[in-house]
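Peer 1: predicted coordinates and the sequence they were generated for:
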Amino acid sequence: MAPVRPHTPEDGAMVGRHAQCVRHDNASPLTYRGTNTWVLANPAECTGVVVDPGPDEAGCLEHIVRACEQRGLEVRAVLLTHDHADHAGCAAAAGERFGAPVLGLRDGSLRPGPLAIDGVDLPMEVLALPGHSSDSVGFYVPDGDLIVTGDVLFAQSPTMVCWPDGRMGDYLASLDALAHFVVAQGVQRLCTAHGAVIEDPRQRIEAARAHRTRRLNQVVAAVRSGIPADAPALVEAIYNDVAPDLHDAAVRSVNAQLRYAYDEGLLQERGTL
């Protein structure tokens with residue numbers, strides 16, 4: 001029997017009482033069924049925040065505006081899990097439309113730790129989760145037992161380490177930190193940026209780390225066997241289970257794995273990445 005694919009939230013669906021998924025129509029090999037924008041609010045209040053407003057494509061911003069208007073919700077901040085275009089492409093326009101600040105780690109407007117938004121009665125915490133990108137963060141909502149995780153983790157597939165901005169060592173450390181936080185705080189759900197909500201955080205984090213370790217071991221073994229330490233050559237040799245339209249993403253991840261292997265002394269560097 002084929003494995004059951006994780007269920008992507010319907011557009012507009014509530015996840016618990018605090019998070020609403022607004023899904024954009026920008027499906028692609030990298031964005032899966034589209035980018036999930038998350039609208040977070042205290043269910044007893046009429047103010048909230050928008051996380052990852054999505055790409056700079058026609059209709060994306062109006063889609064969010066309609067969802068908030070239907071709930072009678074005033075947006076007081078636009079938050080970014082990271083600044084990639086499929087998440088932040090319309091961030092400036094969203095900030096202008098809502099008359100709200102756009103906050104992200106890249107420009108220093110966000111910092112790890114407790115996050116208080118003026119006029120929003122919703123405790124949140126910013127978690128630094130670099131690796132996919134250097135500016136990746138998560139947003140923990142204690143009252144909802146959830147974290148909005150951006151591209152750090154997916155239910156349906158591995159994530160990409162976006163070398164050179166993303167680093168494998170950072171990514172592995174972030175998975176470990178996230179696992180510890182999930183256990184310590186009793187987090188029940190990870191609201192991802194593409195695809196399904198992760199309802200089994202500990203198991204999925206463990207699976208992601210095991211996958212990364214397995215791929216790293218494959219890269220190291222391949223280079224030691226005589227295959228050139230060249231990302232396209234290694235993808236051709238060991239990523240035969242990856243679709244052709246994900247080849248470029250695999251090359252970036254392999255470059256990140258090579259850099260990590262050199263830094264950790266698993267391979268001897270002969271060139272420069």
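Peer 2: Cool, the structure landed.
Peer 1: the strands in the stretch 101-250 of the chain, which residues?
Peer 2: Using DSSP state E, counting those that start in this stretch, the strands of the stretch 101-250 of the chain run over 102-103, 113-115, 124-128, 137-141, 146-150, 189-192.
Peer 1: pLDDT on the last one, on average?
Peer 2: The predicted model assigns strand 189-192 a mean pLDDT of 97.
Peer 1: please apply the same query to the second one.
Peer 2: Model confidence over strand 113-115 averages 98 on the pLDDT scale.
Peer 1: other SSEs contacting it?
Peer 2: Strand 113-115 is packed against strand 124-128, with contacts defined by 3 or more C-beta pairs under 8 Å, 6 or more residues apart in numbering; DSSP states H and E. For the C-beta atoms, the positions are set from N, CA and C on the backbone; glycine is no exception.
Peer 1: same for the strand it packs on, what does it pack against?
Peer 2: strand 113-115, strand 137-141, helix 168-185.
Peer 1: of the strands of the stretch 101-250 of the chain, which approaches Ala177 most closely?
Peer 2: Ranking the strands of the stretch 101-250 of the chain by distance to Ala177, with C-beta to C-beta as the measure, places strand 124-128 first at 7.6 Å.
Peer 1: just the strands of the stretch 101-250 of the chain: most buried one?
Peer 2: strand 146-150 (a mean of 28; mean count of other C-beta atoms under 10 Å).
Peer 1: in terms of pLDDT, where does the residue sitting furthest away from the middle of the chain sit?
Peer 2: In the chain, the greatest distance from the average C-alpha position (C-alpha atoms, centre = their mean) is reached by Gly226, at 34.6 Å. The confidence metric pLDDT takes the value 95 at Gly226.
Peer 1: buried ones in the helix ranked longest in the chain, by neighbour count?
Peer 2: Taking DSSP state H as the criterion, the chain has its longest helix at helix 201-224. The neighbour-count check on helix 201-224 (16 or more other C-beta atoms under 10 Å) flags 201, 204-205, 208-209, 212, 215-216, 218-220, 222-223 as buried.
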